[in-house]
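Student: A structural model of the following input is requested.
(chains A, B, C and D)
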There are 2 protein chains.
Amino acid sequence: MHDVDPVAIDTLSHEPDIKYIVPGLKRGLDILKIFNRKRVQMNAPEIAKELQVPRSTIFRLLQTLEYMDLIEKVPNTSNYKLAAGALGLGFEFLASLEITDFANPILEKLSNRTGLSAHVVIRDKTDVVFIAKKSAKLTFSSSVNIGTRLPAHGTVLGRVLLADLSKAELKKLYPESDLVGFSKQTPESVDKLSQVLELDRVNGYAISEAYFENGIGSIAAAIRDGSSKAVAAINVTYQLGTVEESVINGLLLESVLAAAEELSRQLNYSDQKAIRNVG
Amino acid sequence: MHDVDPVAIDTLSHEPDIKYIVPGLKRGLDILKIFNRKRVQMNAPEIAKELQVPRSTIFRLLQTLEYMDLIEKVPNTSNYKLAAGALGLGFEFLASLEITDFANPILEKLSNRTGLSAHVVIRDKTDVVFIAKKSAKLTFSSSVNIGTRLPAHGTVLGRVLLADLSKAELKKLYPESDLVGFSKQTPESVDKLSQVLELDRVNGYAISEAYFENGIGSIAAAIRDGSSKAVAAINVTYQLGTVEESVINGLLLESVLAAAEELSRQLNYSDQKAIRNVG
DNA sequence: AACCAACGTTTCATATATAAAACAATTTTT
DNA sequence: AAAAATTGTTTTATATATGAAACGTTGGTT
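Tutor: Have a look, this model is predicted:
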């Protein structure tokens, strides 16, 4: 056993300091991850092909996952699907976030006040992840579910969070200078993004029209904790053309900022601590 | 490598047909499962002791889990906690359930109509698992979160689901005849449980007072799909003494039954199919 | 400040998880 | 209805994941 290349089973690894990966665990988790809204159930050979892992190995992994109550056989088929045990993990994570305790009532208030759908996200690397939401009563509710990920640089929610990073941190987060675009307004390079973020930082909020998805407008503001770090973001979304400009810059913006402030306060944020390290 | 006892790393295994468990995967998942509301963060030695696995092995497993974005280091400590990646799994499972598409609006209606907290659960083995909820506006909302598990036999939600099983299926589910009790009313044996369920089956609903937790009352009804199988249950909860008996048996019961019917209809349930196999 | 204990990390022999192959059972095609 | 292909499962040699031990490192204690 000489000269073993760490993380050899994964070809593309930018991670610098990760040394040893347990293949059984990685592959088992890979199996779990290929189940999603679009592919609710799969059988063993399909999984084997997808992951490029021998059938006999997949077989044992599936048995283990079934034993752990994470997947189960679909009756009368040879397919597997996620089982109820899979719920546990995600919700323990949510429960471990202080912010989820406070988010729902504030989202409700925000949604009632504006008549719109409201969301709270956190940032995970280059993604924003929805951790709480309140759908609008009247209009068709937003299609995002809790757990949904969107690229941070393509949403105003992500922008107010990225705006909290230093230029160095941003560069580290996006080693490639080119960014994937989603609409005309999406910045297509890290430098462009940095410029946009500078403005968001000064404003303390971000308003977008058609930033991620065409036809959807969004107003977002950062939520800060006791260390003044932006730990989450809150927004409301509306269909373009259905809300007057004056309302957007008036009631909506005010409501979002008020909600962000209230949530920040509950996380022990205080303005005093917000001494800019530039100043 | 002769005579290896399958599932040897786990001593208590009632599962009859599970043969081969991948230790790396099982242990990695065990690590994830020890994180919960109470123990939000842990370090490697603690985990090693808890799971009775060597430190060096835990070390590699933790690296793998971190690499997979399921756990992360808590800044300035040697502790680990769940990471945002853990969210994905649970919500993909929820999204894969047809019922979650319909549950929320109906829960909202039910909660508004009754002024109480309302919940939808599914059954997983001997547990009920909360998959949707709507907290009451006024009273203190229920403490359960989505993903919370409760023993089925100790809740009316669980009872209306267990009532759908045959006596044989029930016996198979509870091989031990003794049941853990939670309050005076909890049936302490499978036979006792079976009697209670018979009544629930006839009624088509279950009303409890202090069944699981003292001081909390609950009215539950089963939700059925196109095959007439009870796939979920819906309830409202109230604090004992705050609601009049006539309201419980009137408005509350009616509302719960109506919500269960509406949800069942959306799952393609129709009365015609509900031909009892008892004849 | 020196000691000790606990921890993070690496090394290395060996027990063992794995991949290929074979087999059995099922499904699909002709 | 027979043949072929795909799938579920088991076997077995071998590559490798593992656990014990050792090595540095950190943090706490006297």
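
Student: after the lowest-mean-pLDDT helix or strand in chain A comes which helix or strand?
Tutor: For chain A, scoring each helix and strand by mean pLDDT, DSSP states H and E identifies strand A:205-209 as the least confident one, at a mean of 86. As assigned by DSSP states H and E, the chain's next helix or strand after strand A:205-209 is strand A:216-224.

Student: gap between that following strand and the chain center?
Tutor: Relative to its parent chain, strand A:216-224 has a centroid offset of 14 Å by C-alpha atoms, centre = their mean, to the nearest Å.

Student: ok, and what's touching the helix or strand hosting A:Ile31?
Tutor: Secondary structure here is read from DSSP H and E; on that basis A:Ile31 sits in helix A:23-34. If you take C-beta atoms under 8 Å, 6 or more residues apart in numbering or on different chains as the criterion, helix A:23-34 is touched by A:9-10, A:42, A:47, A:50-51, A:53, A:57-58, A:61-62, A:64-65, A:70-71, A:82, A:86, B:22-25, B:27-29, B:61, B:64-65, B:67-68, B:70, B:88-89. All C-beta atoms are positioned from the backbone trio N, CA, C, and that covers glycine.

Student: distance from the chain centre to the least confident helix or strand of chain A, please.
Tutor: Averaging C-alpha positions (C-alpha atoms, centre = their mean) puts strand A:205-209 18 Å from its chain's average.

Student: now do the buried residues in the helix holding A:Ile31.
Tutor: Neighbour counts using 16 or more other C-beta atoms under 10 Å in any protein chain shown place A:Pro23, A:Gly24, A:Leu25, A:Lys26, A:Arg27, A:Gly28, A:Leu29, A:Asp30, A:Ile31, A:Leu32 of helix A:23-34 among the buried residues.

Student: who's in contact with the nearest residue to A:Lys81 once chain neighbours are set aside?
Tutor: Spatial nearest neighbour of A:Lys81, excluding adjacent residues (C-beta to C-beta, 6 or more residues apart in numbering or on different chains): A:Gln41 at 4.3 Å. When contacts are counted by C-beta under 8 Å, 6+ apart, A:Gln41 is found next to A:Phe35, A:Val74, A:Thr77, A:Asn79, A:Tyr80, A:Lys81.

Student: separation between A:Gln41 and A:Pro75?
Tutor: 11 Å (C-beta to C-beta, to the nearest Å).

Student: CA atoms only: put stretch A:24-34 into PDB for me.
Tutor: Once non-C-alpha atoms are left out, stretch A:24-34 reads as follows in PDB (Å, rounded to 0.1, in the frame of the first residue of the first chain):
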ATOM      1  CA  GLY A  24     -17.900   3.700   1.600                       C
ATOM      2  CA  LEU A  25     -19.200   6.800   3.300                       C
ATOM      3  CA  LYS A  26     -18.600   9.100   0.300                       C
ATOM      4  CA  ARG A  27     -20.300   6.700  -2.100                       C
ATOM      5  CA  GLY A  28     -23.200   6.100   0.300                       C
ATOM      6  CA  LEU A  29     -23.800   9.800   0.600                       C
ATOM      7  CA  ASP A  30     -23.500  10.200  -3.200                       C
ATOM      8  CA  ILE A  31     -26.300   7.700  -3.500                       C
ATOM      9  CA  LEU A  32     -28.500   9.700  -1.200                       C
ATOM     10  CA  LYS A  33     -27.800  12.900  -3.100                       C
ATOM     11  CA  ILE A  34     -28.900  11.600  -6.500                       C
END
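
Student: A:Ser227: neighbour count?
Tutor: Taking other C-beta atoms under 10 Å in any protein chain shown as the neighbour definition, A:Ser227 ends up with a count of 10.

Student: angle of the helix holding A:Ile31 against helix B:23-34?
Tutor: Using axes from the mean of the first three to the mean of the last three C-alpha atoms, to 10 degrees, the interaxial angle of helix A:23-34 with respect to helix B:23-34 works out to 60 degrees.

Student: tell me the domain ranges of chain A?
Tutor: Following the assignment in automatic domain parsing, chain A carries domains at A:23-86, A:97-273.

Student: weakest of these by average pLDDT?
Tutor: Mean pLDDT is lowest for domain A:97-273 among the domains of chain A, at a mean of 90.

Student: mind checking if that one is in reach of chain B?
Tutor: Yes: legend: contact between domain A:97-273 and chain B by C-beta under 8 Å from any C-beta of the partner chain is shown at A:104, A:122, A:124-125, A:127, A:129, A:131, A:135, A:145-149.

Student: of the residues you listed, keep whichever come out buried.
Tutor: Neighbour counting with 16+ other C-beta under 10 Å marks A:Ile122, A:Asp124, A:Asp127, A:Val129, A:Ile131, A:Ser135, A:Ile146, A:Gly147, A:Thr148, A:Arg149 as buried within the residues of domain A:97-273 next to chain B.

Student: with adjacent residues omitted, what lies nearest to the fourth one?
Tutor: Leaving out its chain neighbours, the residue that sits closest to A:Val129 by C-beta to C-beta, 6+ apart is B:Ala84, at 4.9 Å.

Student: what's the answer for the third one, then?
Tutor: Leaving out its chain neighbours, the residue that sits closest to A:Asp127 by C-beta to C-beta, 6+ apart is A:Arg149, at 4.4 Å.

Student: contacts only, for the one you found.
Tutor: Contact criterion C-beta under 8 Å, 6+ apart gives A:Asp124, A:Asp127, A:Val128, A:Val129, A:Phe130, B:Gly88 as the residues in contact with A:Arg149.
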